[in-house]
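>>> here is the input, now give the coordinates:
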Amino acid sequence: MKLIVGVMEARNIPAMDINGFSDPYVKLQLGKQRYKTKVMKKTLNPIWGEEFSFKVEDLNEDLLISVLDEDKYFNDDFVGHLKVPVSQVFGARNKSLGTAWYALHPKNKRLKNKDRGEILFNIYFSLNNLNCDGDPAPTLRKHEDMASNDLSRSFSGSLNLSSPPIQDDNMSSKEEKSSAQKSLAGRITQMFNRNVDTASTTSTRGTDLTEIPEISSADIVDNKSDDQSSSFEEAIEALCSRDQGSEVPSNLPGGVLLDQLYVIAQKELNSLLFSPDSSFPRSVAELQGSTDPQFGPWKFENGGESLQRIYSYIRAPTKLIKAVKATEEHTYIKADGKTFSVLAVVSTPDVMYGSTFKTEVLYCITPGTELPSGEQSSHLVISWRTNFLQSTMMKSMIENGTRQGLRESFEHFTTLLEQTVKPVDPKDLGLNKEQLLGSLQAEPQSDWKLAFQYLANFTMASTVLMSLYVIVHICLAGPSTIQGLEFVGLDLPDSIGELIVCAVLVLQGERVLRLISRYVHARAQKGSDHGVKAQGDGWLLTVALIEGSTLAAVDSSGFCDPYVVFTCNGKTRTSSIKYQKSAPQWNEILEFDAMKEPPSVLDVEVFDFDGPFDEPTSLGRSEVNFVRSNISDLADVWVPLQGKLAQACQSKLHLRVFVENTRGGNVVTEYLKKMEKEVGKKINVRSPQTNSTFQKLFGLPPEEFLINDFTCHLKRRMPLQGRLFLSPRVIGFHANLFGHRTKFFFLWEDIEDIQVFPPTLSSMGSPVIVVTLRPGRGLDARHGAKNQDEEGRLKFHYQSFVSFNIAHRTIMALWKARALSPEQKVQIVEEESESKGLQPDESGSFLVLEDVTMSEVYSRALPIPIGFVMDLFSGGELEYKAMKRAGGLNYSCTPWESEKADVYERQVYYRFDKRVSGYRGEVTSTQQKSLLPDKNGWLIEEVMTLHGVPLGDHFNLHLRYQIEDLHSRAKGRQVRVFFGIAWLKSTKHEKRIANNIFSNLEGRLKVIFGVVEKEYTAR
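Next up, the predicted model:
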């Protein structure tokens, strides 16, 4: 909702400057939104005439209006202020307090001079922008024709009962007493009936905000008799003609009561639900058990800006509540002929605490998907929320009761609507997919057309003419004499003019060669993934790329050469390149191979082709979130692109996205069986009711199912007890503490790292699971994060699990299942099976290294005791510090375990820092240590496996650390490190990989042993 505040003028402002004047301006604040007017210089009766818009999310907030005096060299002086409760504006007739004078109050009520002047402003709710998502922005509007007769019709008031009203000198005490009695009686009457009309006041005497009389329809100039008597169809046509392309209101946060496609046109469905001649509303009331339905006529209110009507009825009694009277105020907030949005505000003042809240129900009718039969379809979404006008401790009970009542009521509504209008069958949508995709035909592009696009330009034409001119000149010119430094076969320019002409010809030739080179590369890159059929059985993702609109031009020609790259679950599909186009037409179908889990996000990025060896320029990117979107809405959608170039040009893509499951109804069972092996515990299948509740709680699509949930504490400033919900694609948290709800979720793909911190006193003796998201991801859940680092990573802390081990294993298993690609999963399984089969031989050497050629990579004599050097392999502080300095993140190791006499073994894991490896791969290794044959040192052998780096599954890295005493130097220790590569698969890049590993390893070893030497020197 948007609250409009018009600050018009002020009078009798006290003089705050020594010159006898003030420089006043007004500051307005609602929650975290702040605005201020311009400063009026040297006046005690300023006129601003400005209007501001606030986005209202909580009706319990107050609008603070402050008047200040600008001071150039010191802090601004405070003049006066007042507070306006937003709930009083919402509860007023037409949701407007009108235009009135109000007294300003000082900060300190004990001040002798309490006269701080008066301010004239207008405040009301804008119904045209109700529930629209948009940032509030102030708009300036001048009130130049502010005549005295208009001001005399306004009413004034103060905001506190204890504050004296502003009176005229000729007002008698009898009139004041009578006015107070009438106001008190009107206030008591208003507590029981919000719709009672009170007499309008036109004098300038003071009135409390709660006593502001409603303005009768006779005072509104635009409410003419012909509007009231006009038909419903004519009123709708008038609304459609006034629509200025406002956005469709978003769903209300309370939840969705109905989301269904119907085989009916939008106008017909709108008339069925809201026309006075329709029998459907009365049939619904009869089915629900409501009696005495009274439908008021549709009327234009607020100067013709909104179309409203009043609908009253007596609700049927329930087990807890007797029959009560309910009133619904229906208001059209959007109508453009294709989209209709109606807000119904339900008031039940006779129920317990009925005066503290109102229920809002939003009906949204939008165009549906095209059907194979050619019939029109409409998409009806009904959502709701509860607006509390006053704070109450019964908030949770009221919301639960309202939710239950609405569900029961709209079950009857849905049943009757399906009997009246045919719902769209999902099978029809499936056929529609084949029909839509079958109609797409990629535009073939011939080589001649491509050559014309690249070579038909001024550069090529001028070059051809210049070449012909030079050839004709050569034919006509005679042989020149040899002079200067020339000799036979070498003809040099004889003047500056000839030199300039030669330079121009060379530059022109170079430009032509570049054009020809680009054409040759473009001809080789014409192919795409269009027509490549998906393979496998599971979740099939099909993307139809239709066209692009207003793509950014990065070439000097004013066009671009765009192509689109789609990425989902680690797989990519690429479209063809459209040359010299800013609004390309693709009409290509791209299919992804079957996935075991439903996809979460489809990344879309548009690039500009500039040759095979140049880095492509990104023209914009976007993503399609399958968790937050309804799959039926993606059948035909325009996706806006993000990025500097895209936002400047308002670029967007036209897509048709389809997701279907080909494995039948055993998806949940098969997925849970796979997770049971990872977790090591039986996971029960949840009931359909539980899954439905979970989906409605977080607004998830119907294919999402609950795997497990755990009671835990979310650590922010203070621990908050709630439940952690885990599903295949999301991890969510929900808490309800004294009616205050905390709810959020994010995708598993958004997680960059999961760590476990040991128990501390602040964590109440429980281990803490810290979930770190990728930079810029999960911003919708930032209210649940404990902190955010400098790079924009959100960190979530969970603790006090009832069963920490099961929760941790389940979280890690689900994260690895979603974060790793299928190839990486298979690779890890193979490597784990190989590592389990590796056993030391009888001689004590680590593995069989006959086929591995070892080369020395590091050698140095250190004046350090051998025991201190071995601390580098002890799992202590020195080892962690050295590995961190060398670029090893999340370093962990197991204790040394004795394999046999004098032979010990342990496992090591860490990740590469981005400065070591741009791929941020992982390292798992097994180390063995044993004494040297002459007992004068140690031998540490290591087999290292790299994960998440290119060609990491082609080899294993072998290291050998030899640390021994030097007999020639009493205090010297010789450290030598050898390395070798065991190739598991052949590749033509073996030499390049070996050189890269050698240089990287040499630098890391220098850093590691440098840390050891510095630490010993510092002791």
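>>> so Lys267 touches Thr339, yeah?
No: counting by Cβ atoms under 8 Å, Thr339 is not a contact partner of Lys267; they are 10.7 Å apart. Every residue, glycine included, has its C-beta placed from N, CA and C.
>>> quick one, which of those two is more surrounded?
Thr339 (21 against 18; other Cβ atoms under 10 Å).
>>> quick one: that one from Pro253, how far?
21 Å (Cβ to Cβ, to the nearest Å).
>>> for Lys900, same thing?
On the measure of Cβ to Cβ, Lys900 and Pro253 end up 65 Å apart.
>>> could you look up the SS state of Asn251?
coil (DSSP: H, G, I helix; E, B strand; the rest coil).
>>> which residue sits closest to it, ignoring its sequence neighbours?
Ser383 (4.0 Å; Cβ to Cβ, 6 or more residues apart in numbering).
>>> tally of neighbours for the one you found?
Neighbour tally, Ser383, other Cβ under 10 Å: 22.
>>> looking at it now. What's its pLDDT?
If you check Ser383, the pLDDT there is 90.
>>> in what helix or strand does it lie?
Using DSSP states H and E, Ser383 maps to strand 378-388.
>>> CA-only coordinates of that strand in CSV, if you can.
The C-alpha trace of strand 378-388 is given here as CSV (Å, rounded to 0.1, in the frame of the first residue of the first chain):
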residue,chain,number,x,y,z
SER,A,378,-7.6,-17.1,-17.5
HIS,A,379,-5.3,-17.4,-14.5
LEU,A,380,-7.1,-16.7,-11.2
VAL,A,381,-5.0,-16.2,-8.0
ILE,A,382,-6.6,-15.4,-4.7
SER,A,383,-4.3,-14.4,-1.8
TRP,A,384,-4.9,-13.0,1.7
ARG,A,385,-3.4,-11.3,4.7
THR,A,386,-4.5,-9.9,8.1
ASN,A,387,-3.9,-6.2,8.8
PHE,A,388,-3.9,-5.3,12.5
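>>> what packs against that strand?
strand 255-262, helix 266-274, strand 357-367, helix 395-420 (3 or more Cβ pairs under 8 Å, 6 or more residues apart in numbering; DSSP states H and E).
>>> quick check: which helices or strands does the first one pack against?
Other helices and strands packing on strand 255-262, by 3+ Cβ pairs under 8 Å, 6+ apart, are strand 378-388, helix 395-420.
>>> deepest of the ones you listed, which one?
strand 378-388 (a mean of 21; mean count of other Cβ atoms under 10 Å).
>>> what's the domain layout of this protein?
2-126, 232-430, 527-661, 666-831, 855-1017 (the TED database).
>>> picking up where we left off before, mean pLDDT lowest for which of the helices and strands packed on strand 255-262?
helix 395-420 (a mean of 85).
>>> what is the neighbour count of Glu234?
Residues within reach of Glu234, counting by other Cβ under 10 Å, total 12.
>>> now it: which helix or strand?
If you go by DSSP H and E, Glu234 is part of helix 232-242.
>>> now do the buried residues in that helix.
Within helix 232-242, the residues scored as buried using 16 or more other Cβ atoms under 10 Å are 232, 235-236, 239-240.
>>> just checking, Lys578 touches Tyr563?
Yes: with contact defined as Cβ under 8 Å, Lys578 reaches Tyr563; the gap is 7.1 Å.
>>> thanks a lot, catch you later.
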